[in-house]
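Undergrad: build me a structure from this.
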Amino acid sequence: MTNPCAASNTPVDALYREHRSWLHSWLQRRLGDSWAAADLTQDTFLRVLAAQQARTLPSLREPRAYLLTVGRRLLVNHYQRRDLERAYLEALANLPEAQVPSPEQRWLLLETLQALDELLDGLPRPVRRAFLWSQLEGLGYACIAERLQVSERTVKRYMAQAYEYCLLVDL
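TA: Numbering: from 1, shown residues only. Take a look at the predicted model:
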């Protein structure tokens, strides 16, 4: 029987031991928050571990460059989630008192918005915007075309692309 407490010799284990504190410092300089940097550092290594388990982890000749790439993507996602949360809280502040959701409902709605944001992250920005305006605001294609400064035909293509993406996305 193997000892679960024994040191691991996996590539991710070595990568973690050698580069975790460096990545944490890099993220902390950008975020100005040690706790958020620690979370993103762990998320980075979870992504690396998942890639290793899926056998999609590339050969790492430059491990810091790879970690920076993953870390930057997570940093962008962090800022997007923060902006999304801020916009949601601003929208809540503008609601009449009787329509303000409970703290539990707010949490569920924010989690749903973040999941939707992550789901649509693989779409080009104009496609994502067209889809969200259509689905969340109920805008018609003509209005979306005007906002995006494209033709209605382009909006139809965007919507078809978004629907196809949603149907094929691996959840």
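
Undergrad: other SSEs contacting the lowest-mean-pLDDT helix or strand in the chain?
TA: Least confident helix or strand, the chain: helix 103-119 with a mean of 83, by mean pLDDT, DSSP states H and E. Here helix 103-119 touches helix 63-93, going by 3 or more C-beta pairs under 8 Å, 6 or more residues apart in numbering; DSSP states H and E. The way it works is simple: take the backbone N, C-alpha and C, and place the C-beta from them, glycine included.

Undergrad: domains of this protein?
TA: Following automatic domain parsing, one finds the domains of the chain at 11-102, 123-171.

Undergrad: mean pLDDT lowest for which of those?
TA: Per-stretch mean pLDDT for the domains of the chain is lowest at domain 11-102 (a mean of 86).

Undergrad: show residues contacting stretch 120-127.
TA: With contact meaning C-beta atoms under 8 Å, 6 or more residues apart in numbering, stretch 120-127 is reached by Asn77, Arg128, Phe131, Leu132, Leu148, Val150, Tyr158, Gln161, Ala162, Tyr165, Cys166, Val169.

Undergrad: same question for stretch 135-152.
TA: For stretch 135-152, the external contacting residues (C-beta under 8 Å, 6+ apart) are Pro126, Arg129, Ala130, Trp133, Ser134, Thr154, Val155, Lys156, Met159.

Undergrad: quick one: terminal-to-terminal distance for that stretch?
TA: End-to-end span of stretch 135-152 (C-alpha to C-alpha, to the nearest Å): 16 Å.

Undergrad: now it: buried residues?
TA: Neighbour counts over stretch 135-152 (16 or more other C-beta atoms under 10 Å) mark Leu139, Tyr141, Ile144, Ala145, Leu148 as buried.

Undergrad: out of these, which comes closest to Arg106?
TA: Nearest to Arg106 out of the buried residues of stretch 135-152 is Leu139 (C-beta to C-beta; 24.6 Å).

Undergrad: and the closest one, what element?
TA: Under DSSP states H and E, no helix or strand contains Leu139.

Undergrad: how near is it to Thr112?
TA: Leu139 sits 20 Å away from Thr112, going by C-beta to C-beta, to the nearest Å.

Undergrad: after the least confident helix or strand of the chain comes which helix or strand?
TA: In N-to-C order, the element after helix 103-119 by DSSP H and E is helix 125-137.
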